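Student: Need coordinates for the below:
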Amino acid sequence: MNRFVAVRSFGQAERGDTLIEFAISAVVVLTLLLGVMDLSRALYTYHFISFAAEQGARFAEVHGSGWTSACSSSSGTSYTPPLGCTASKADVQAYVQSLTPPGVTKANVTVSPQWLGKDINGSTTICSTTNNKAGCLVQVSVSYQFNYMIPFLPTSAQTLSATAQAVVTE
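Tutor: Down below sits the predicted model:
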């Protein structure tokens, strides 16, 4: 009978320990969970930036100076230029901005298209925004200022960027 009493008093002396252990464990688990969520958000944003650079280069690739009319750039939410138009820097920027998905701040997306001044053979033919003929190289760089939401990750904005190149086909 003495053993039973000893075990019972042993359990009563540790009642508050479980609550403290749970609180410490919960803080650690929630911190890890929020960290994984924020890093996943950064990966989602980087995936968009890479996709946007590729799509911007493709847009400039198929809208070379071989077309007769100019595209009309607009800053609306959905930018669909007419088929068969010559893209300018503003058109490429408007197109990439229109691809911005939910969760990515459109104002933090910077698009820098440029025609590299040479053609695919490396000769220094005059390739520019106005003379983007077939064979010219175009490069589209997209960057984004990403801010983490949880406090133990970096508080300053981190720049995510991607660059894509293409050869103008039209």
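Student: can you give me the helices in this structure?
Tutor: Using DSSP state H, the helices of the chain run over 2-12, 15-62, 89-98.
Student: what's the angle from the second one to helix 89-98?
Tutor: Computed by axes from the mean of the first three to the mean of the last three Cα atoms, to 10 degrees, the angle separating helix 15-62 from helix 89-98 equals 150 degrees.
Student: Could you list the low-confidence segments of this structure?
Tutor: 1-15, 72-83, 119-125, 129-130 (pLDDT under 70).
Student: who wins for proximity to residue 159 among the helices of the chain?
Tutor: helix 15-62 (9.9 Å; Cβ to Cβ). The C-beta positions use only the backbone N, C-alpha and C, and glycine is treated the same way.
Student: That closest one - contacts with which helices or strands?
Tutor: helix 89-98, strand 109-119, strand 136-146, strand 158-167 (3 or more Cβ pairs under 8 Å, 6 or more residues apart in numbering; DSSP states H and E).
Student: List the buried residues in the third one.
Tutor: Looking back up the chat, that one is strand 136-146. Within strand 136-146, the residues that qualify as buried by neighbour count (16 or more other Cβ atoms under 10 Å) are 136-144, 146.
Student: between that strand and helix 15-62, what angle do the directions make?
Tutor: Using the same axes, to 10 degrees: strand 136-146 against helix 15-62 is 160 degrees.
Student: tell me, how many neighbours does residue 69 end up with?
Tutor: 10 (other Cβ atoms under 10 Å).
Student: Surely it is in contact with residue 88?
Tutor: No. Using Cβ atoms under 8 Å as the test, residue 69 is too far from residue 88 to be in contact (11.9 Å).
Student: Could you pull up the residues touching residue 38?
Tutor: Listed by Cβ atoms under 8 Å, 6 or more residues apart in numbering, the contact partners of residue 38 are 148-150, 153.
Student: Just send those residues back as TSV, with distance to residue 101 and neighbour count too.
Tutor: Output for the contacts of residue 38, formatted as TSV (distance: Cβ to Cβ, whole Å; neighbours: other Cβ atoms under 10 Å):
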residue	distance to residue 101	neighbour count
148	19	17
149	17	9
150	21	12
153	22	14
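Student: now, the most widely separated pair of those?
Tutor: Largest separation among the contacts of residue 38 by Cβ to Cβ: 149 and 153, giving 8.3 Å.
Student: who wins for proximity to residue 163 among the helices of the chain?
Tutor: Of all the helices of the chain, helix 15-62 comes closest under Cβ to Cβ, at 5.8 Å.
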